[in-house]
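Trainee: Pasted the sequence and its predicted model underneath.
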Amino acid sequence: MSARLPHETGAKRAARREAGRRAELRSYLTGFALAVLLTALPFSLVAAGLDGRWVLTAIGLAALAQIVVHFRFFLHISLDRSTRDDLQLILFTSLIIALMAGGTIWILGNLHERMM
Amino acid sequence: MATDWGTLLFGRLSFDALPFYSAIATAAASLVVVGAIAVVALLTWTGRWGWLWREWLTTLDHKRIGIMYVVLSLVMMSRGIVEGSMMRLQQALALNAPGYLPPEHFAQLFSTHGSIMIFFMAMPFLTGLINFAVPLQIGARDVSFPLLNAISFWLTAGGAGLMMASLVIGKFSTGGWSGYPPYTDATFSPGVGPDYWIVALTLGSIGSTLTGVNIAVTIYKRRCAGLHLMRMPLFCWTALCTAILMIFALPPLTVATGLLAMDRYLGMHFFTNDGGGNMMNFANLFWLFGHPEVYILILPAFGVYSEVVSTFSSKFLYGYKALVAATMCIAVLSFTVWVHHFFTMGQNADINAAFGIATMTIGVPTGVKIFDWIFTMYRGRVRFAVPMLYALAFMMLFVIGGLTGILLANPAIDYQVHNSLFLVAHFHNMLIPGLLFGMLAGYTYWFPKAFGFRLDEWWGRLSWGCWVTGFTLAFMPLYVLGAMGMTRRTVTYDNPAYLPYMIVAAVGAAFLLAALATLVTQLAVSIRRRAALAVPAGDPWNGRTLEWSIPAPAPAYNFAALPVVDQRDPFAQEKKRGEAYRPGFIHTDIEMPRNTGVAFLIGMGGAACGFAVVWHIWWLAIASLLFVVATTIARSFQTDLTETIPASRIARDEARWLRQVRAAEPVGRDDETASRNMGLAEASA
Amino acid sequence: MSDAIADHDTRHPGLNLAETDTFAHAEAEETVFGFWVFLMSDVVLFALLIAVYATAVPMTDGGPGPRDILTLGPAAFETGLLLLSSLTFGMASLALKYEDPRSRLVGWLALTLLLGLAFLGLELKDFADWSAQGAPPQRSGFLSALYVLLSTHGLHVAIGCLWIAVMIAQVFRFGLSAAVKLRVMRLALFWHMLDVVWIGLFSVIYLVGLSS
Amino acid sequence: MALPLALAGCAMGPLSFFDPLGPVAAAQRSMFFQVVAWMSLVVVPVLVLVPLFAWRYRRTNTRARYTPDWGFSWPIEIAIWVVPIIIVIVLGGVIWKARSLDPYRPIASAAAEAPLEIEVVGLDWKWLFIYPDERIASVGTLAIPAGRPVRFRLTSDTVMQSFAIPALGSQIYAMAGMVTELNLLADRPGERRGHNTQFNGMGFQNQRFSVSALPAGGFADFVRAAQLADRPLDDAALATLTRQGSARDAAQALGAPGDQVVFSQVPPDLFARFVARHRPAMAHEMTGGMASSTVPLPVADPMPEMEGAHDGH
Ligand code: HEO
Ligand code: HEM
Ligand SMILES: [Cu+2]
């Protein structure tokens, strides 16, 4: 697994590098393609003038999916053991956002209803 | 046209901004000016400018930054306490009479007092203690981002400077520390007051956010070998949780003050009465920050108590894991209760009940902590040193504040006592015996590690006595007054039944002033007696954690060799096994960040920008902003940012210290406060 | 540092330099992680602004609402620009990691910069158009929230652009030193996060605002 | 602390819920004692154990046992978690039940009468009470019939304020352009006071009023007297009221004695117009879109004076 096995020859190392690079390039391109797709989808729903609850749901899901795509392919956050630290951080942040933003909308929505 | 040029150059600034509107304001402003001149004169007289610049203003050493935070905090505390006492005196005189303070001055006082105490007394104090102690406790040489640390400090200092400036130039907000619009919007407060409030808080909160990042990363990434999270001293745990709270709880404040600034400066309509504004958004945002904030304040104090109770009971901390779990519970729960600050705004009963119950839930882990400290004393050997006295007073008084907190947490009861002096009593009951006693305990506890000598015990006890008496007299009557319906922020009243309580409270405030005075005296006396109080061996309290295993004062690089730890309370175990004070085998060169004036410049640039924004001096605002940006960019082009402390010097320092240790006579705990205590503890505690 | 660093173990988000530059990789563990923590704080700020915006949508004070001023076309175009810039920054990251010739790294960075500037230009044009239609931020609570939410993101993009420019200068000045690499890595996180935030923005402001 | 409060009882003055005049305040008072009692179960042990342990295990007491390495015990641990949890559950139940004290919730009363409607407008620094059905209004004094529930609807024409009559019950905020509600009941005649609890400027401390819960006949007399008194709430009177100053200042300006004024001939949609001043769209809904609701309030623009008084000079 290690990148610097002492007995590795120069040529072998270069080949490994090239392979690594191609894999990463592919990953960026995949991410880009998925992101384009997940953007185009909700935009076209709205552009087509569709409405209803399901459109809102679709917008939300597409956004969520695209965020995951960005995290996975551009920010290289994965479920690997070694990257759990930042995944936990992201999950904690999501919890805080859910509490704060969700709470805000809940409470202000209720106030709006009762006071305006 | 001349006037246009004046506006262009000086914005709203004019001679009217000077505080000649009342004798008291003029006097206060003069005091600030005279104080500043005196400091400058003293520095010039003693030729200390170079020293100040080299040793302090440009330092990146976490210990010195920590010390500067505490100094800043003590200076601001002096102002805050004087202001609090002025209000107490006013109210003692204000039965059917105007008293000696006009309403507007009184309103400025509670606004500056609250803002200063929270943002420029409490926050710097706890940040200072964390900065000083955490790297030492985790066996690190510095925090993760020393330059950022210094920038945080200088931004905070810049904010504090603006608070002081508001005393001399212009007026401060009259909207309280929570600054609710629409009162603070341009329609109702067109002056500079709320702008000062916004700008000072913004500088402070940027500083705190960056501190939070810095401390969290330091604790995550800089622990010495073997120091697993579950082996960390409790103070580090509370520092970590506080740091996390800072990272996540300050954004709502930034949003709240930022949007208010948009209203005031650009005529937008976030919180205005008209134009589709909605002040309820502000209340919501402010308390999304405000509630976690009070736990940012209290958690480090809890950490100090954990260290202190264990050390001065000569005993293992009871329930370490429970304390860790309770700390984390408090940190997470603190994000779920903010609505209890505006139960009376109009949302439905279900929401109020949900948040009321969530609020009470925090009482459970808090109570666990208190009982854990109680059982730490159980079957211990309790010594009544000053930090322990603070801890004991804290436990007794804090539960009363907790009880009243639980009362407030019940929406139906809060409908009655909200905005009353009952609430003021509650939060001072948490803030003084809880936070402030903790900070003072920490200050007394770590002082010898910072300066190499202990604080005078007698004056410390006297000060403690004044704090406890003063607090009790000044704030317990407010519970009754609140129950009698007296509102907060009231400059005069007409109910004679309030008067006796008000007089008692004023007497209490006098004790609190005395407490401040004795604290200052203690410092002066200790400096004078520093030879007798010196503890060069570094362990005056028979400490248990890593910071006590190094000399006092701690060297710039903290540890000659980075420690390796295999259990909790590592230094206590080392001493027990007779392995303490062993010289390091090999010393290596140590790279430390080189001093730089960049942080100071950025902080002052930020303050200048803030001042310019307050007074609408746009050229200066733009210039100072550009200056900050340019400084940052220029810094990023600098190389050679570290300096090397050669191994030989480290070996020499260490050898000298070990000689001092060997020369020191070990003292038993009975002699802890005697001058024989050179910082070497007797093996059998 | 310990051996753990020598393998693929990344303890920070973003680019993993383990295979190509062990020294910078070891440093990154702390530096890049720290910046990521800061970004989380920033994201919370955006989340709150979005929440405030959501509560402000009905507060039009009789003035224009979302349907009156928002249009899908420009939003889609702006989204495309940002998305493309994420890809170009990804290419820059690879050029950095595999220590390609300097010109290639600078080229990708410059392209990203251009895309960022184009985005800003379009956003400013939107603002100008809306103001011309009688919908300046001072008109209502809704419009205040709209402009502030968008321009907070815009301000971040502007900072990102300035940062890219500085990094281009630093690449010329210092080459691919560890310090430069670490800065570009942090910049990459910043840039990608801005795009993530934009997903939230276009979904809430444009898509939800214009549907139903 | 509870004891002196309880003893103080009526000595607590006219602004205290410890001397309640209605069921809401009475319930709040009893809940106060209930919470104190439950909390005492854990607070008292702390107050006892801290000095006890500190003294018993003081360093000089060498007879006490010393176990430096002891740091955990399951029984203690369980007790210190479980007992508070139980108390929180009990007190949570108290809170859950207390939802019936929601200020918006109408109060049932023996009398089958509909609640008395009162509209409250927060001004700087006085409250204007409008009795829409009676077409009267008052400043500096609030008269209500004892035994008949009252439904308040509140708004503010200036910054946020909080309306409180502690002896009757809950307080609630009033905000410009918005309407909050509060239901209270005085279950017997009596005199108390009310005030604003939310700081709103330099006259804040004067924003108090007297509250008279009158017997049914007394209230009818009050209404009749007000209707007969020749002090219409016309544009001039409104302009005076909305100027900054206390109720006493307003009374003086209107040539009324003392610190109270009672008005007759109150325009029917006055409250709606106050709301509409700050949120035009809302008044439409409130009045079913009647055109009159958007007629602007003929009040003097309070801006110039406000600048001075709020920001000081
Ligand atoms: C350091 C500061 C601090 C701390 C630690 C606390 C802690 C608590 N606070 Fe307080 N507060 C603080 C500072 C403030 N509070 C305020 C306002 C405030 C309000 C709003 C009131 C209103 O505006 O009308 C409520 C409801 C509470 C509740 C509580 C509760 C339940 C706790 C709990 O954390 C207390 C927990 C402790 C307990 C309970 C005692 C020990 C526990 C034992 C013995 C175990 C048994 C416990 C149970 C069975 C529950 N607070 C304000 C007002 C701001 C303003 O308006 O200007 C401030 C500054
Ligand atoms: C030590 C002596 C102190 C005294 C004499 C004192 C006194 C006062 C007084 C008289 C008030 C105004 C009460 C009112 O609204 O009627 C007040 C408010 C306040 N105090 Fe203190 N206080 C002290 C310490 C502290 C400390 C240590 C803190 C915080 C760490 C603090 C935080 C506050 C806050 C936040 C307010 C509310 C301000 C507002 O209404 O906006 N005080 N204090
Ligand atoms: Cu709170």
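Mentor: Looks like it arrived, so ask away. Numbering: from 1, shown residues only, chains lettered A, B, ... in the order given. Ligands and ions are numbered 1, 2, ... in the order given.

Trainee: can we go C-alpha only for contacts and neighbour counts from here?
Mentor: Will do.

Trainee: what residues does chain C put near chain D?
Mentor: Contact residues, chain C versus chain D (C-alpha under 8 Å from any C-alpha of the partner chain): C:61-62.

Trainee: where in chain C is pLDDT low?
Mentor: Scanning chain C for pLDDT under 70 picks out C:1-11, C:212.

Trainee: Could you check which helix or strand contains the closest residue to ligand 1 within the stretch 1-150 of chain B?
Mentor: Residue of the stretch 1-150 of chain B nearest ligand 1, by C-alpha to the nearest ligand atom: residue B:114 (7.9 Å). Assigned by DSSP states H and E, residue B:114 belongs to helix B:103-115.

Trainee: in chain A, which helix or strand is least confident?
Mentor: The weakest-scoring helix or strand in chain A, judged by mean pLDDT, DSSP states H and E, is helix A:84-97 (a mean of 86).

Trainee: who touches that helix?
Mentor: The contact list for helix A:84-97, computed with C-alpha atoms under 8 Å, 6 or more residues apart in numbering or on different chains, reads A:77-79, B:248, B:335, C:11-13, C:33, C:37, C:40, C:44, C:47-48.

Trainee: one step back: next, the contact list for the residue of the stretch 1-150 of chain B closest to ligand 1, please.
Mentor: When contacts are counted by C-alpha under 8 Å, 6+ apart, residue B:114 touches B:80, B:176-177.

Trainee: Against residue B:232, how distant is it?
Mentor: Going from residue B:114 to residue B:232 by C-alpha to C-alpha, to the nearest Å gives 34 Å.

Trainee: Equivalent analysis for residue B:645, please.
Mentor: Residue B:645 is 28 Å from residue B:232, by C-alpha to C-alpha.

Trainee: Those two - which one has more neighbours?
Mentor: Higher neighbour count among residue B:645 and residue B:232: residue B:232, with 22 against 15, using other C-alpha atoms under 10 Å in any protein chain shown.

Trainee: Without its sequence neighbours, what residue ends up closest to the residue of chain A found nearest chain D?
Mentor: Nearest residue of chain A to chain D: residue A:115, at 4.8 Å (C-alpha to the nearest C-alpha). Setting aside the residues directly before and after it, residue A:115 is nearest to residue D:179 in space (C-alpha to C-alpha, 6 or more residues apart in numbering or on different chains), at 4.8 Å.

Trainee: My guess is that neighbour contacts residue D:160. True?
Mentor: No: look at residue D:179 against residue D:160 with C-alpha atoms under 8 Å: they stay out of range, at 11.7 Å.

Trainee: joint contacts of those two?
Mentor: The overlap between the contact sets of residue D:179 and residue D:160 (C-alpha under 8 Å, 6+ apart) is empty.

Trainee: is the most centrally placed residue in chain D in a bridge, and if so with what?
Mentor: What sits nearest the mean C-alpha location of chain D, by C-alpha atoms, centre = their mean, is residue D:164, with 1.8 Å. Beta bridges link residue D:164 to residue D:171, residue D:195 when assigned by DSSP bridges.

Trainee: Just list the residues touching it, thanks.
Mentor: Residue D:164 sits next to B:416, D:170-172, D:194-197 when contact means C-alpha under 8 Å, 6+ apart.

Trainee: and if we set it to 10 Å?
Mentor: By C-alpha atoms under 10 Å, 6 or more residues apart in numbering or on different chains, residue D:164 lies in contact with B:415-416, B:418, B:485, D:15, D:170-173, D:182, D:193-198, D:208.

Trainee: For it, give its distance to residue B:422.
Mentor: Distance, residue D:164 to residue B:422, using C-alpha to C-alpha: 15 Å.

Trainee: ranges for the helices of chain C?
Mentor: When assigned using DSSP state H, the helices of chain C occupy the ranges C:22-56, C:66-69, C:72-97, C:102-132, C:141-174, C:178-201, C:209-210.

Trainee: now swap in chain A and tell me
Mentor: Along chain A, the segments classed as helices by DSSP H run A:10-47, A:53-69, A:84-97, A:103-115.

Trainee: now do the stretch 401-550 of chain B
Mentor: B:411-417, B:421-430, B:437-451, B:457-483, B:499-528, B:530-533 (DSSP state H, counting those that start in this stretch).

Trainee: Do I have it right that residue C:140 meets residue C:65?
Mentor: Yes: contact criterion C-alpha atoms under 10 Å: residue C:140 and residue C:65 qualify, at 9.4 Å.

Trainee: Between those two, which is the more surrounded one?
Mentor: Taking other C-alpha under 10 Å, residue C:140 and residue C:65 do not tie; residue C:140 has more neighbours (30 against 18).

Trainee: Would you report the backbone torsion angles of the more buried one?
Mentor: Note on residue C:140: backbone dihedrals following degrees, to the nearest 10 are phi -160, psi 170.

Trainee: check contacts around it.
Mentor: By C-alpha under 10 Å, 6+ apart, the residues touching residue C:140 are B:267-270, B:272, B:274-277, C:56-65, C:146.
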